[in-house]
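Student: please find the sequence and the predicted model below.
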Amino acid sequence: MEKFCTEKSKALHEETKKYLVDGVGSFFHITSYGEYPIAITHAKGSRLYDVDGNEYIDYVLGFGPMLCGHCNPTVDAAVKAQIDKGTHFSAPTEDLLKLSKKLTEIIPSAESVTFQNSGTEVVMTAMRLARAYTGRYKIIKFEGQYHGWSDEEKISIDAKSIEEMGDREHPNKIIHTKGQRLTSADDLIVLPWNDLDILERYLQEQSDEIAAVLMEPVMFDSGPILPKPGYLAGVRELTEKYNVLLIFDEVITGFRLGLGGAQGYYGVTPDISTFAKAVSNGYPFGVVAGKYEIMNCGIHSSGTFNGNPVGTAAALAVIEELSKPGTYERMEHLGQMLEDGFRELGKKFGIKIYARHMASIFILFFGFEEDTDDFRDWLGKADIPFYREFSKRMEQYGVRLTDRRGREYLSVQHTEEDIRRTLEVAEVVLSELVS
Ligand SMILES: Cc1ncc(COP(=O)(O)O)c(C=O)c1O
């Protein structure tokens, strides 16, 4: 197997850096292994093509949105039709009604919806709604969970070590970037996830100040870590008992675990939930959904591009595409193939591989085999340098994985042949790495 030559990507990166900060469109496009990112010319189905003419099987999928695959014919036809009719009106359309109604039918918590353009914005809106509705300001969030990049969202999303996280019962609040106000975290309570006892203690003591508990229902953004059996239902019970709202951030799980998101998958209905990424297959769009009286409690959430007709057309087409019979089953099947294949490779090379799939998401990591409980547990066991080196080498042979946290995305256009090829490449890479 020949390693790809990516010299043109390297040269392009050097030149771009002169004019564009870090030479990339977004901070997370910088690879965690500190080298230049591959530059893309075009994409189709499950494949990406770079400026050097290399072809990659893509499991990054634009950090998740491309659930229907690149250049999906249904979605792109709807978008092209909308472009011919105009791209931005700042006014209601018939499609807005159609989409809003549809979302209230497919998302269990959605009695009413509102739109934004990104995951960061929908979570900001959800927090504002919770505060306005309850008249309280504190929000509980969990260690290792990412909800966007605003000052208040980018707290305790990661840690250099378990020590940095402080005492488990009273975790440190970790600020992540220069320029973030030190007071950003003042209204946040940060707790370890998957622990009902600690959560209840805080709710008992401070519920008269707490507006909401905000969580990713599955910790895909870090870990990935699954909720312990009964945990989500337990959180729902506790939030009801202490009269605090429950917000599910479904920016990753939304449409990926099914059209009803994680709330549909696990049968636990939050008060408010947020969707973005996969809702519109690459066109910026975000959804906040929730109980009618909460959603309509009178906050202002503005935005020039909210409810944009192109994103609206894309979202309607995505729902149509994903509603076709057998769509999720096919992705489940491919995820199962990856899971089985990586478990076999773990045995063959005598190394610990964590491999799991859920609907259209495949989870891969090294250093442990069983589920981890929370971010501290994961951080203590995960072999991060090994995963980074593995993903870097996979890319050099034409399989593009996320370079950070082992969350690999499938699309409706991935095939069994993609999976077989991925496992072949993985075997070559592991034989290089495990002597
Ligand atoms: C769970 C979660 N919430 C919110 C966000 C922020 O979304 P965006 O990057 O669209 O602002 C992300 C992004 O990865 C996410 O994973």
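Tutor: Yes, it's here. Numbering: from 1, shown residues only.

Student: low-confidence ranges in the chain?
Tutor: Across the chain, the ranges flagged by pLDDT under 70 are 33-34.

Student: not including adjacent chain positions, what is the nearest residue to the residue nearest the centre of it?
Tutor: Among the residues of the chain, the one closest to the centroid is I252, at 3.0 Å (Cα atoms, centre = their mean). Of all residues beyond its chain neighbours, the one nearest I252 is F220 (4.5 Å), with distances taken as Cβ to Cβ, 6 or more residues apart in numbering. (Each C-beta comes from the backbone N, C-alpha and C, glycine too.)

Student: quick check: the residue nearest to the centre of the chain is in a helix.
Tutor: No. Counting by DSSP: H, G, I helix; E, B strand; the rest coil, I252 is not part of a helix but coil.

Student: pretty sure it sits against F275.
Tutor: No. Look at I252 against F275 with Cβ atoms under 8 Å: they stay out of range, at 9.7 Å.

Student: now the residue nearest to R393 when sequence neighbours are not counted: which helix or strand?
Tutor: Spatially, and ignoring its direct neighbours in sequence, R393 is nearest to V429 (4.5 Å; Cβ to Cβ, 6+ apart). Assigned by DSSP states H and E, V429 belongs to helix 416-433.

Student: separation between the residue nearest to the centre of the chain and M295?
Tutor: Per Cβ to Cβ, to the nearest Å, I252 is found 22 Å from M295.

Student: quick check: residues of this structure near the ligand?
Tutor: 63, 118-120, 123, 146-148, 216, 221, 249, 251-252, 276 (Cβ under 6 Å from any ligand atom).

Student: mind listing which of these are in strands?
Tutor: Of the residues of the chain next to the ligand, the ones assigned to strands by DSSP state E are D249.

Student: out of the residues of the chain next to the ligand, who's nearest D374?
Tutor: Of all those, D374 sits closest to E216, with 12.3 Å by Cβ to Cβ.

Student: got phi/psi on that closest one?
Tutor: phi -80, psi 120 (degrees, to the nearest 10).

Student: tell me how many other residues crowd it.
Tutor: By other Cβ atoms under 10 Å, the residues close to E216 number 27.

Student: could you do A81 as well?
Tutor: With neighbours defined by other Cβ under 10 Å, the count for A81 comes to 11.

Student: and the helix holding V429, what other elements does it pack with?
Tutor: strand 55-58, helix 327-349, helix 384-396, strand 399-400 (3 or more Cβ pairs under 8 Å, 6 or more residues apart in numbering; DSSP states H and E).

Student: returning to that earlier point: check contacts around the residue nearest to R393.
Tutor: Contact partners of V429, counting by Cβ atoms under 8 Å, 6 or more residues apart in numbering, are F390, R393, M394, Y397.

Student: switch to 10 Å and redo it
Tutor: Going by Cβ atoms under 10 Å, 6 or more residues apart in numbering, V429 touches M1, L345, E389, F390, S391, K392, R393, M394, E395, Q396, Y397, V399.

Student: what does the helix or strand where D377 lies contact?
Tutor: Using DSSP H and E, D377 sits within helix 375-381. Residues from elsewhere that reach helix 375-381 (Cβ under 10 Å, 6+ apart): 142-145, 156-162, 164-165, 168, 171, 192-194, 219, 222-225, 352, 354, 365-372, 382, 384, 405-406.

Student: list the buried residues for it?
Tutor: F375, R376, D377, W378, L379, K381 (16 or more other Cβ atoms under 10 Å).

Student: for the third one, give its distance to W193.
Tutor: With distances defined as Cβ to Cβ, the gap from D377 to W193 amounts to 10 Å.

Student: same deal with the first one?
Tutor: Here the criterion is Cβ to Cβ. By it, F375 lies 7 Å from W193.

Student: okay, and the common contacts of these two?
Tutor: With contacts defined as Cβ under 10 Å, 6+ apart, the residues shared by F375 and W193 are F142, E143, G144, Q145, M219, S222, G223, I225.

Student: out of these, flag the one nearest to F28.
Tutor: Ranked by distance to F28 (Cβ to Cβ), these are led by S222 at 13.3 Å.

Student: regarding the spatially closest residue to the closest one that is not a sequence neighbour, what is its secondary structure?
Tutor: In space, not counting the residues next to it along the chain, S222 is nearest to G144; the distance is 3.9 Å by Cβ to Cβ, 6+ apart. Classification of G144 using three-state DSSP returns coil.

Student: so who does G144 touch?
Tutor: 156-159, 165, 190, 192-193, 216, 219, 221-223, 225, 374-379, 405.

Student: quickly note the distance from it to the ligand.
Tutor: When Cβ to the nearest ligand atom, to the nearest Å is applied, the distance between G144 and the ligand equals 11 Å.

Student: now that residue: phi and psi?
Tutor: phi 80, psi 0.

Student: before we move on, what about G290?
Tutor: Main-chain dihedrals, G290, degrees, to the nearest 10: phi 180, psi -170.
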